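Engineer: Task: produce atomic coordinates for the following.
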Amino acid sequence: MSLSPDTLPDHTGIPVIAANTDTINLLHHAMIRLLSFDDDFGTSSTRQATSTDKTCVMGLVMEASIRIVGGSPPNDSDIQGLLDQANKLLENVVPSIGIRERRLIEAASLYWKGQRHQAMDVWESLIYESELLSDIFAVKMLSTAAIFTGQSKYGRIARLAKTMLRAWDKNAYLCTSEYLPYLLSIYAFGLAEQRHCKEAEEIALRALVLSSHSDIWAIHTLCQVMLEQGGRAHEALHMLSKTEGNWKIHGGLLCHMYWHWALFHIEVRMYENALEIFDKKILPSLKKSDGYLLDLVDAVSLLWRLELLNQPVDTHWWTSISMIAKHQISPNSLSQYRYNFCEAHVMVLLCHTDPGVAHFFLQTLERRDDSFSNSANGSELILQHQPRRAGLILCQALYNYFCEGKFEDALAKLLSLRHCMSCIGGSRAQQDVFHQTLISSAIRLRRLNLASSLVTERYQTKQSLVNQAYIESINHLKDYCCS
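Structural biologist: Numbering: from 1, shown residues only. The predicted model follows:
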């Protein structure tokens, strides 16, 4: 027998299967917590909604989607349970009801299976097919996925958010919505990823005003802009210090914000201050999140950058990360396909803490690549194989560099990736460490003309003060060779 459960408009006007307004309010609360990067990304509110309203499919699919895009592995039985439960609730519901929920389940399932581009297409179609272009959950999932898959640099986030904002400006309710500053900050970040820094900064500042300076993603976007533009490190340090009280309450992005803070210290060669932030802020954040994979990336990335700049990094710092996040580097976890840029950071961590496991991880990646190459076909091969293959080559290069000291091999592989790094995923700020490793490889091999050219190339796209540190290393070696 077909069922016709009650539906109510959510806080953007889109119909949702819900028994009462309490469910709608809980889903709204979950959405705000997700957009604010609060500790649980809103999942406590989705669980409350599904426990009090047994018809609430949206709560189930929101939690599943948040966890999937956040990096949960494909063998997570909890996620399968959420998706199964959501599908079961929709089994006997008439097709005209729950259309959005069905499409969101489809997107989450695709993404979880590794068909990430197809999932992003579903989220995008949901937005464009909504009457008011108001699906804030779909744009949040799509924008996050675009960063992790490297799509943010091609303008996908900025174009979509701009189109939505134009529609919202024409709607009396949406143009004053509580969600508006968050959509603005998503747009600002998309612009920053395209290096439209001036416009990105203007939009981020507008989002901050509308959110009473509490929108952590807008503050984060300003960090991205100031990191791209040379000479703004001291300004950024002042901004982060002044606004810390506003953003440190949002635990979901806390580790990443302190990572940015440490990067600005590195920019002005305050290396001890960067390590102090690592010790007093980043490690505790990593511990609080139980070794959350993206927090692990921040911790590893900071030590990695310091080493590339020839700063002393004690072994116990690397060991501290591996002890906190040991479940992320267990054999079972290493066999699961995750984000390419995350796997690169896991490789660097293993090279510093357990070279044997690093070699096992590399073999696992190589076997997985062979298996995927033999089984994939058509659009799946085109869309997924290049990022996976690039991720494998990057991990091979990092193993050459950190485990074997084979800098010639590392350099050759990194040069081959130089113009396709974006498909590996991560933001521009996160990917920059790969380019710095390329420069470092050339310097170590005394390929000084190549190293100089790579620094010049980096300066053209990133006016970072770190460039000067590499130039000084190159000039020092040139003087040494000539003496």
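
Engineer: Report the buried residues of stretch 76-88.
Structural biologist: Buried residues in stretch 76-88, counted by 16 or more other Cβ atoms under 10 Å: 79, 82, 83, 86, 87. Using the backbone N, CA and C atoms, a C-beta is placed for each residue, glycine as well.

Engineer: of the residues you listed, closest to residue 10?
Structural biologist: residue 86 (16.4 Å; Cβ to Cβ).

Engineer: where along the stretch 351-483 of the chain do the helices fall?
Structural biologist: Along the stretch 351-483 of the chain, the stretches classed as helices by DSSP state H, counting those that start in this stretch are 355-375, 378-380, 386-398, 407-417, 428-444, 448-461, 466-482.

Engineer: Quick one: these as a markdown table, columns for distance to residue 271 too.
Structural biologist: Shown next, in a markdown table, are the helices of the stretch 351-483 of the chain (distance: least, Cβ to Cβ, whole Å):
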| stretch | distance to residue 271 |
| --- | --- |
| helix 355-375 | 26 |
| helix 378-380 | 45 |
| helix 386-398 | 22 |
| helix 407-417 | 23 |
| helix 428-444 | 15 |
| helix 448-461 | 19 |
| helix 466-482 | 10 |
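
Engineer: rewinding a little: pick the one among the buried residues of stretch 76-88 closest to residue 237.
Structural biologist: Taking the buried residues of stretch 76-88 together and measuring to residue 237 by Cβ to Cβ, the closest member is residue 79, at 39.5 Å.

Engineer: quick one on the thing from earlier: need the least confident one among the helices of the stretch 351-483 of the chain, by mean pLDDT.
Structural biologist: Lowest mean pLDDT within the helices of the stretch 351-483 of the chain: helix 378-380, at a mean of 55.

Engineer: and of the buried residues of stretch 76-88, the nearest to residue 411?
Structural biologist: Nearest to residue 411 among the buried residues of stretch 76-88 is residue 79, at 40.0 Å by Cβ to Cβ.

Engineer: Let's see which of the buried residues of stretch 76-88 end up in strands.
Structural biologist: Of the positions in those, not one sits in strands, assigned by DSSP state E.

Engineer: coming back round to it: looking at the helices of the stretch 351-483 of the chain, spot the one closest to residue 191.
Structural biologist: Among those, helix 428-444 comes nearest to residue 191, with 11.9 Å by Cβ to Cβ.

Engineer: Can you tell me which residue is spatially central in the chain?
Structural biologist: The centre of the chain sits closest to residue 148, judged by Cα atoms, centre = their mean, with a distance of 4.5 Å.

Engineer: Next one: that residue, what pLDDT does it get?
Structural biologist: Value for residue 148, per-residue pLDDT: 93.

Engineer: residues contacting it?
Structural biologist: Neighbour list for residue 148: 69, 71, 339, 341, 425, 426 [criterion: Cβ atoms under 8 Å, 6 or more residues apart in numbering].

Engineer: That one and residue 301: what is the separation?
Structural biologist: According to Cβ to Cβ, to the nearest Å, residue 148 and residue 301 sit 15 Å apart.

Engineer: And residue 244, by the same measure?
Structural biologist: For residue 244, the distance to residue 301 equals 21 Å [Cβ to Cβ].

Engineer: Just give me the neighbour total for residue 328.
Structural biologist: Around residue 328 there are 22 other residues, counting by other Cβ atoms under 10 Å.

Engineer: nope, residue 21 is what I meant
Structural biologist: Counted with other Cβ under 10 Å, residue 21 comes out at 11.

Engineer: so what's it up against?
Structural biologist: Taking Cβ under 8 Å, 6+ apart as the test, what residue 21 contacts is residue 8.

Engineer: rewinding a little: which stretch of helix or strand covers the residue nearest to the centre of the chain?
Structural biologist: Secondary structure from DSSP states H and E places residue 148 in helix 136-149.

Engineer: Let me know the angle separating that helix from helix 428-444.
Structural biologist: Helix 136-149 runs at 0 degrees relative to helix 428-444, counting by axes from the mean of the first three to the mean of the last three Cα atoms, to 10 degrees.

Engineer: just the CA coordinates of helix 136-149, formatted as CSV?
Structural biologist: Extracted C-alpha coordinates of helix 136-149, given in CSV (Å, rounded to 0.1, in the frame of the first residue of the first chain):
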residue,chain,number,x,y,z
ILE,A,136,21.6,24.9,1.2
PHE,A,137,22.3,21.3,2.3
ALA,A,138,23.1,20.3,-1.3
VAL,A,139,25.4,23.3,-1.9
LYS,A,140,27.2,22.6,1.4
MET,A,141,27.8,19.0,0.4
LEU,A,142,28.8,19.9,-3.1
SER,A,143,31.2,22.7,-2.1
THR,A,144,32.9,20.5,0.5
ALA,A,145,33.2,17.6,-2.0
ALA,A,146,34.6,20.0,-4.6
ILE,A,147,37.4,21.0,-2.2
PHE,A,148,38.3,17.4,-1.4
THR,A,149,38.3,16.3,-5.1
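
Engineer: in that helix, what's buried?
Structural biologist: 136-149.

Engineer: Likewise for stretch 249-262?
Structural biologist: Going by 16+ other Cβ under 10 Å, stretch 249-262 has these buried residues: 250-262.

Engineer: That one - what's its average pLDDT?
Structural biologist: Stretch 249-262 comes out at a mean pLDDT of 97.

Engineer: swap in stretch 78-93?
Structural biologist: The pLDDT scores in stretch 78-93 average 94.

Engineer: who touches it?
Structural biologist: Against stretch 78-93 from outside (Cβ under 8 Å, 6+ apart): 1-5, 17, 55, 57, 60-61, 63-64, 67-68, 72, 98, 101-102, 105, 108-109, 112.

Engineer: Kindly recompute the last result at 10 Å.
Structural biologist: Residues outside stretch 78-93 that contact it (Cβ atoms under 10 Å, 6 or more residues apart in numbering): 1-5, 17, 46, 50, 54-65, 67-68, 72-74, 76, 97-98, 101-102, 104-105, 108-109, 112.

Engineer: With stretch 413-420 instead?
Structural biologist: Stretch 413-420 is contacted from outside by 150, 386-387, 389-401, 406-407, 421, 423-424, 434-435, 437-442, 450, 454, 457, using Cβ under 10 Å, 6+ apart.

Engineer: Just the buried ones from those residues, in PyMOL syntax?
Structural biologist: Here is the PyMOL selection string for the buried members of those, based on 16+ other Cβ under 10 Å:
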select buried, resi 150+387+389+390+391+392+393+394+395+396+397+398+399+400+401+407+421+423+424+434+435+437+438+439+440+441+442+450+454
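
Engineer: so how far is stretch 394-412 off the chain centroid?
Structural biologist: 25 Å (Cα atoms, centre = their mean, to the nearest Å).

Engineer: Alpha carbons only: can I get that stretch in CSV?
Structural biologist: What follows is stretch 394-412, C-alpha atoms only, in CSV (Å, rounded to 0.1, in the frame of the first residue of the first chain):
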residue,chain,number,x,y,z
LEU,A,394,52.4,11.5,-5.5
CYS,A,395,52.6,8.8,-2.8
GLN,A,396,55.4,7.1,-4.7
ALA,A,397,57.3,10.4,-4.9
LEU,A,398,56.8,11.0,-1.2
TYR,A,399,58.1,7.5,-0.4
ASN,A,400,61.1,8.1,-2.6
TYR,A,401,61.8,11.5,-0.9
PHE,A,402,61.2,10.7,2.8
CYS,A,403,61.8,6.9,3.1
GLU,A,404,64.5,6.3,0.5
GLY,A,405,66.2,9.6,-0.1
LYS,A,406,65.9,9.0,-3.8
PHE,A,407,65.4,12.6,-4.7
GLU,A,408,66.0,12.1,-8.4
ASP,A,409,63.0,9.7,-8.5
ALA,A,410,60.9,12.0,-6.4
LEU,A,411,61.7,15.0,-8.6
ALA,A,412,60.8,13.1,-11.8
